[in-house]
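Visitor: what follows is a predicted structure for the sequence shown.
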Number of protein chains: 2
Amino acid sequence: MKRTTIQDVASAAGVSITTVSRVINNNYPVKASTRKRVEEAVDRLKFKPNLLARSLIQNSTKTVGILTPSIENLFFSEVIKGVDSVLKEKGYTTFLCHTEGEATNEVEMIHSLVDRRVDGMVVLDPRKENVVSGYFEELAKRVPLLLVNGYAQGIGCNYVLNDGEGGTRMALKYLISEGCKRIVFLRGKKSHSYDIKEEVYLEFMKAHSMESRILRIKDGNDIKTVEQAKDAVAGYIRSGEKPDALLACNDWMAVGALSGAKSEGYIIPKDMRIIGFDNTIISMITEPKLSTVDQQMMKLGQLAGNRIYKMMTTKDIENQKTYLETKLMIRES
Amino acid sequence: MKRTTIQDVASAAGVSITTVSRVINNNYPVKASTRKRVEEAVDRLKFKPNLLARSLIQNSTKTVGILTPSIENLFFSEVIKGVDSVLKEKGYTTFLCHTEGEATNEVEMIHSLVDRRVDGMVVLDPRKENVVSGYFEELAKRVPLLLVNGYAQGIGCNYVLNDGEGGTRMALKYLISEGCKRIVFLRGKKSHSYDIKEEVYLEFMKAHSMESRILRIKDGNDIKTVEQAKDAVAGYIRSGEKPDALLACNDWMAVGALSGAKSEGYIIPKDMRIIGFDNTIISMITEPKLSTVDQQMMKLGQLAGNRIYKMMTTKDIENQKTYLETKLMIRES
DNA sequence: ATTAATATAGAAAACCTTTTCTATAAAGGA
DNA sequence: TCCTTTATAGAAAAGGTTTTCTATATTAAT
C-alpha cells in the first residue's frame, strides 16, 4: 500500500505539486479558491508530507538527539524534561537515546544520529574517554553539539555544567560549621561529576587538616546503588569507625547511607549528619528527610535547550562554558 | 560547510556514484582494485551516507519509535531496555519519546514519528482515550504498531500485555490463605492497568463476602506518589480502621504504605501484610523487604521487540494479544 | 576467428519534497 | 489602446542516495 504523496494531492485538486507545496507551507500567495480546493484534497486524502524528502532538500530535520547514560535516574530525567520543554516550544522534536553509560554505545548512537542528520545533539554526562580522546571536539566541528556536565578541563566544546565543586565545598563548610570532625565521603561509580566532588573533598579536608576517608561502591549511579551504599556504610561503622558526618555523591547513595547507619544503631542526625546530592524527590520521603545539594536540574536542562537552539539557529558556535550554581538544602539529616 | 557526498567520493576515486554505492552496500560485484580505490576515498573523505536519502528511496528508516508515559518509572525503563536490546540486535535504531501521560502529547508525538517514517512503533501504556476513540486501530492500518499493556478489550490492535488480573488474584488469594480479613487496595492515578487491578479486587472481595475498601491518591504513578500513599495509609489507620493487609498498585506506593503504617505504630508484617506490584529494585531495599508481584518487565520488553520486528519484516500484522504471566514474590512484608 | 556468455561499470530513473525560474493572465497607468 | 506591473501558477532543478537498465570489455565456447 503506497502512501499518498504530494503528486496525488496535486492531481486530485487539479493543480501542480508546486501549488500544493505552497498551500501546505503557506509561504507564497495562492488564490483563495485554489487554496481551498487543495486543502480539501489534503484532508480527503489525509496527506502528510514526507519529512525525509523535506529534510533532504531543506538540509534540516528539525530534530535534536539527546544522549543520556540512564533513563531511570531522576537527575537525568529532570534535565531531559528541561531540554525537551524549551526545544518543543521552538518547534523541534527530540529523540532520546540511552547509552547505559557505555562509551562505545555513546559513539555508536551518536553516529546513528549524525547519519540521520539531526540538527543538533545534547550529550548528558559524556563518557570521559570520548571527551579526552578529542572525539567530541572533532564532532563539534561538524554538528552543533552541547555537552552537559562531564569532564571539561581544556576541552574545546560547548558546555553547560553544574557547579558540583561549589556544591561540595558548600556542604563541607556547613558540616564543619556544625562541628563535625570525621567527615567521610561516599563515592559513586565511574562518573566525572563524582571525580570532581572527590577531588574537592580531598583538597578541602587537607586544607582543614582533617583526615579524609572515602567509601567506594562498585556499580551503578542510581537506585541500584542503594543496597551497596548501605552495606558500605554499615560495614564501615561496624569496623569500629565513628564518622560524625557523611557526604554522598547523590541522593540514592545518601538513602543507602541513612539505612546503613540506622541499621547500626545510629540516630540521624544526632550521631551522624548526612548530606546527599541532587535534591531529588527521594530526599523528601526518607525518615528523617535528607539534607541535600540542589542541582537545579530542570533549570540546567532549560539552559541546555536554549543554548543548543542558539547554536543551531545562529551560527555562533563559539565555545562557551556555562556554570549553574548549586544550593544547599538543609532538611533533617 | 557542505558535507561530503557520494559524488565527492566518486570523483575522488575516479568512478561513478553507482560504483561507490555498490562498494558501500556490498551488494554487487566490484573489481578488487576499484573497490580498494573507493574504500580509500571513503576513508580519506570520511564519507557517511545520508540516511535521509537512503531511507527515501528504500522506503525504510530502520528506526522504531518507542512511546512511554514516563522515563523515570522503573517499570517502563525496564521494558524499554528489553525492547531496545532485541531491536538493536536486529539492526534497528530506537528513539524514545515520553508523553508525560498526556493523551494529546501521545498523538502529537506519534504524528511526528509517522511523518519521519519510522518503520514501526511501540506504545507503552497507551492512553485509554486514544485507544477507545479508535485512533490506534486506524493508525495500525498505516504503520506497524504494537501496544504494550493498556486497555485492550475488543480493540483491533496488536498487544503484548502483563496479566495484571492474574497477579492481583494471586496476591489476594495468598493474603486470604494467610488469614487476612480486612484487605484494602491502594489505588494509583489514572492508568488502565490500575483499573484492571481495582476491578479484580472488587470482584474478588465480593466473591469472598469481604468488605472492600479502596484508598485513592491523586497524582503520579511513580516515585512521586510515595508521600501521598504514606499520608493516605496513615490517615486511614488513624481514622480507627484496622486493616490487616494492603495490596498496592505498584512498589512505590507499597513503599509509601509501609512508611505510613510504620509511622502509626504498625509492625509489618505482624500487624498488616503489604504486597506491592512490579518487583522493582526498591522492593528489595525497604525494611522489611517488600513482597510484590513480579511483572517480568525485561521479558515483556523482549517479547514486544520480537513482535514488532516480525510485524515490520513479514507482513503478518494479524491482530494478536499475548499475555505474559506474573509471579508472586513473597518477601518479608 | 567468430559468437555467446560473463564480469564490470556507467547512465539514468526513481524516491518526495522545496525552491528557483519562467510564463501567463489580469490589472493598472499612460 | 498599448505597455508595465502585479497576481498567480506551472516547469524544472535540486537534494543524496539506490536500483534498474544499458554498455563495454573480457573471457569462454565453438
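Guide: Cool, the structure landed. Every value quoted in this text rests on a predicted model; they were computed, and no experiment measured them.
Visitor: and the contacts of stretch A:13-33?
Guide: Stretch A:13-33 has contacts (CB atoms under 8 Å, 6 or more residues apart in numbering or on different chains) with A:6-7, A:9-10, A:34-35, A:37-42, A:49. To be clear about C-beta, it is placed using only N, CA and C from the backbone, and glycine gets the same treatment.
Visitor: so where is the stretch 101-250 of chain A shaky, pLDDT-wise?
Guide: A:219-223 (pLDDT under 70).
Visitor: all helices of it, in order?
Guide: A:103-115, A:128-132, A:135-140, A:164-177, A:192-207, A:225-238 (DSSP state H, counting those that start in this stretch).
Visitor: closest to DNA strand D out of those?
Guide: DNA strand D sits nearest to helix A:103-115 of all those, at 9.3 Å, using CB to the nearest atom of the strand.
Visitor: can you tell if the closest one touches chain B?
Guide: Yes: using CB under 8 Å from any CB of the partner chain, helix A:103-115 comes into contact with chain B via A:109, A:111, A:112, A:114, A:115.
Visitor: which among these end up buried?
Guide: Buried by 16 or more other CB atoms under 10 Å in any protein chain shown: A:109, A:112, A:114, out of the residues of helix A:103-115 next to chain B.
Visitor: picking up where we left off before, buried subset of the contacts of stretch A:13-33, written for ChimeraX?
Guide: Filtering those down to the buried ones (16+ other CB under 10 Å) takes a single ChimeraX command:
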select /A:6,9,10,34,35,37,38,39,41,42,49
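Visitor: residues from the stretch 51-200 of chain A in reach of DNA strand D?
Guide: A:53, A:56, A:57, A:59 (CB under 7 Å from any atom of the strand).
Visitor: could you give the number of residues near the second one?
Guide: For residue A:56, the count of nearby residues is 17 (other CB atoms under 10 Å in any protein chain shown).
Visitor: ramachandran angles for it?
Guide: phi -60, psi -50 (degrees, to the nearest 10).
Visitor: sorry, back to before: adding secondary structure as columns, could you present the residues of the stretch 51-200 of chain A next to DNA strand D in TSV?
Guide: Formatted as TSV, these follow (DSSP: H, G, I helix; E, B strand; the rest coil):
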residue	secondary structure
A:53	helix
A:56	helix
A:57	helix
A:59	coil
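Visitor: from those residues, which are also near DNA strand C?
Guide: Residues of those in contact with DNA strand C (CB under 7 Å from any atom of the strand): A:53, A:56, A:57.
Visitor: got the confidence number for the last one?
Guide: Note on residue A:57: pLDDT of 94.
Visitor: residues touching residue A:187, list them.
Guide: A:194, A:198, A:214, A:215, A:216, A:217, A:249.
Visitor: go again using 10 Å as the cut-off
Guide: A:194-195, A:197-198, A:201, A:214-217, A:229, A:232, A:247-249, A:253 (CB atoms under 10 Å, 6 or more residues apart in numbering or on different chains).
Visitor: neighbour-wise, which of those residues leads?
Guide: Neighbour max across these (other CB under 10 Å) = residue A:253, 33 neighbours.
Visitor: sorry, back to before: out of the buried ones among the residues of helix A:103-115 next to chain B, who's nearest residue A:300?
Guide: residue A:109 (21.4 Å; CB to CB).
Visitor: care to break chain A down by domain?
Guide: A:6-49, A:61-162+A:298-325, A:164-294 (automatic domain parsing).
Visitor: dump the ones you listed to a markdown table, plus distance to residue B:70.
Guide: Below are the domains of chain A laid out as a markdown table (distance: least, CB to CB, whole Å):
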| stretch | distance to residue B:70 |
| --- | --- |
| domain A:6-49 | 28 |
| domain A:61-162+A:298-325 | 8 |
| domain A:164-294 | 13 |
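Visitor: do you know which of the ones you listed lies nearest DNA strand C?
Guide: domain A:6-49 (3.1 Å).
Visitor: please name the residues that touch residue A:128.
Guide: So residue A:128 contacts A:103, A:150, A:151, A:190, A:191, A:192, A:195 (CB under 10 Å, 6+ apart).
Visitor: now, the most widely separated pair of the residues you listed?
Guide: A:103 and A:195, at 15.3 Å, using CB to CB across these.
Visitor: show me which residues of the stretch 201-333 of chain A sit near chain B.
Guide: A:220, A:222-224, A:226-227, A:229-230, A:252, A:255-256, A:259, A:262-263, A:280-282, A:284-287 (CB under 10 Å from any CB of the partner chain).
Visitor: buried among those? Make that a ChimeraX selection.
Guide: Buried residues within these, by 16+ other CB under 10 Å, are selected in ChimeraX with:
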select /A:220,222,223,224,226,227,229,230,252,255,256,259,262,280,281,282,285,286
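Visitor: quick check: closest non-adjacent residue to residue A:249.
Guide: Nearest residue to residue A:249, sequence neighbours excluded (CB to CB, 6 or more residues apart in numbering or on different chains): residue A:188, at 3.9 Å.
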